[in-house]
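Student: give me a 3D structure for the following:
(2 chains, ligands or ions: 2)
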Amino acid sequence: MSQGFTEPPIGYTNEAADRAAADHARKGSESMPAQVITVTSGKGGVGKTTATANLGVALAARGRNVVVVDADIGLRNLDVVMGLENRVVYNLIHVIRGVTQAEKALIRDKRVPGLMLLAADQHADKDDVSPDEMDALCASLRPFADYIIVDSPAGIEQGFRNALAPADQVVLVTTPEVSAVRDADRVIGLVEATGKPSPRLILNRIKPELVAQGDMMTTDDVVDVLRIELLGIVPEDGAIVAATNRGEPVALQAGSRAGQAFHNIAARIEGERVPFMTLDASQQSFLDRLSSLFRSGHGPAGGAR
Amino acid sequence: MSRWLGRLRGRSADHERSGAVARERLKLVLEYDRAQITSAQLDEIRAEIIDSISRHVSVNRADVRVTLERDGRLVAEIPLDSARPAPGGGR
Ligand SMILES: Nc1ncnc2c1ncn2[C@@H]1O[C@H](COP(=O)(O)OP(=O)(O)O)[C@@H](O)[C@H]1O
Ligand SMILES: [Mg+2]
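Tutor: Numbering: from 1, shown residues only, chains lettered A, B, ... in the order given. Ligands and ions are numbered 1, 2, ... in the order given. From the prediction side, this is the model:
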């Protein structure tokens, strides 16, 4: 349900972007209720925040209104990955405590109409928030969004339970390593125990060369043991490091493999059948050469899709 | 030459590739995590299931899978060997 804003959020003055946002709000679907998607993992550092930022970008690029919520309270970093850290005034705790209203705490991303961030509180503690409060928070965000994507902290403690509480869908991120997949398995059990639908899997940081030479578990290996639906595979991509340095999620750029992967995942979230990326090593090097050709200005500057 | 290169990259025949090693290690830890039954016990269960079923119908030993699911269910997949007639006696 896209109702737009009753007043412009803080620091939002650009007229063109304003118009785009208004157009965009009209475009959002009217009948579909907002979906809360919690992005989680067992092990830390596997790519939850990266996935949250890029899925936010990719879904908004499809014309959706998206609120990304940093629920990693005390270790806020979604704002930094998205390059919005300088615009944070209010955070999630302020909204939960009633210090401000949700629409005032949301930061609109000027690069992608429809994309909004609710930042975490750097100084609060995970235990300062309860699952019920997270539920209520997301309920208050639903009128603004088609999708609310919640970036959860690592582990299976309070922060995880908070992030899980409002979820309509759960996306589980793992890398193809024994320890990460083992922890992912634990999380699947915990999610299923709440009666929520089984998580869908994003397998991140696949290195095609290593898979080809037999030194990394394959997608099939991981899916076979976890036995959940595969939502997408994301290759290891140096562009993510550069993107994170700049605060520009890869899904904003044309020609990156990881960015493409996130656009594919966004399409699948919306129910499209998109074939999984083939990640064989020879093809990757070919595509890498191709995309560097594009970057040097010899090719079309198309979107990453 | 390519053998030499392969060995250089650790691809000698007597060394299982690390991806396969990871997969096997993962299966073992998950079996343990899921219901704390050891893989040795699982193998034993599997053998006993095969023995008992093959008294009645012919099964393809190699294809029988016994796995522990996350929800604590023990699941046996026993494809019947329909090509061969049942042995008709115990073993
Ligand atoms: N596909 C990828 N290719 C390269 N680097 C990645 C990829 N995914 C994540 N990273 C890097 O891994 C690190 C951890 O990612 P992050 O999203 O912060 O994980 P989490 O939120 O699960 O702790 C970051 O430095 C990020 O840039
Ligand atoms: Mg994170």
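Student: residue nearest the centroid of chain B?
Tutor: Among the residues of chain B, the smallest C-alpha distance to the mean C-alpha position (C-alpha atoms, centre = their mean) belongs to residue B:65, namely 5.9 Å.
Student: so what's that one closest to, chain neighbours aside?
Tutor: With C-beta to C-beta, 6 or more residues apart in numbering or on different chains as the criterion, residue B:65 has its nearest non-adjacent residue at 4.4 Å, and that residue is residue B:77. All C-beta atoms are positioned from the backbone trio N, CA, C, and that covers glycine.
Student: the residue nearest the centre of chain A and residue A:265, how far apart?
Tutor: Nearest to the mean C-alpha position of chain A, by C-alpha atoms, centre = their mean, lies residue A:52 at 1.5 Å. Shown here: residue A:52 relative to residue A:265, a distance of 12 Å by C-beta to C-beta, to the nearest Å.
Student: again with residue A:152
Tutor: When C-beta to C-beta is the yardstick, residue A:152 and residue A:265 sit 17 Å from each other.
Student: please apply the same query to residue A:118.
Tutor: Distance from residue A:118 to residue A:265, counting by C-beta to C-beta: 21 Å.
Student: ok, back up a step: can you give me every residue that contacts the residue nearest to residue B:65?
Tutor: Applying C-beta atoms under 8 Å, 6 or more residues apart in numbering or on different chains, one finds that residue B:77 lies in contact with B:63-67.
Student: the residue nearest to the centre of chain A is in what secondary structure piece?
Tutor: Applying DSSP states H and E as the criterion places residue A:52 in helix A:48-61.
Student: what packs against that helix?
Tutor: Using 3 or more C-beta pairs under 8 Å, 6 or more residues apart in numbering or on different chains; DSSP states H and E as the contact test, the elements touching helix A:48-61 are strand A:35-40, strand A:66-70, helix A:78-81, strand A:115-118, strand A:147-151, strand A:169-174, strand A:200-206, helix A:257-269.
Student: so which of these is the most packed in?
Tutor: strand A:66-70 (a mean of 29; mean count of other C-beta atoms under 10 Å in any protein chain shown).
Student: ok, it: who's next to it in the sheet?
Tutor: Applying DSSP bridges, strand A:66-70 is found paired with strand A:115-118 (parallel), strand A:147-151 (parallel).
Student: contacts for the first one?
Tutor: Pointing back at strand A:115-118 there. A:9, A:56-57, A:60, A:65-70, A:78-79, A:82, A:84, A:91-92, A:95, A:102, A:105-109, A:141, A:144-145.
Student: now do 6 Å
Tutor: By C-beta atoms under 6 Å, 6 or more residues apart in numbering or on different chains, the residues outside strand A:115-118 that reach it are A:56, A:60, A:66-69, A:84, A:92, A:105-109.
Student: and those residues, which is closest to residue A:213?
Tutor: residue A:56 (34.7 Å; C-beta to C-beta).
Student: who touches the nearest residue to the closest one once chain neighbours are set aside in this structure?
Tutor: Beyond its immediate neighbours in the sequence, the residue positioned closest to residue A:56 (C-beta to C-beta, 6+ apart) is residue A:68, lying 4.1 Å away. With C-beta under 6 Å, 6+ apart as the criterion, the residues that contact residue A:68 are A:52, A:56, A:117, A:149.
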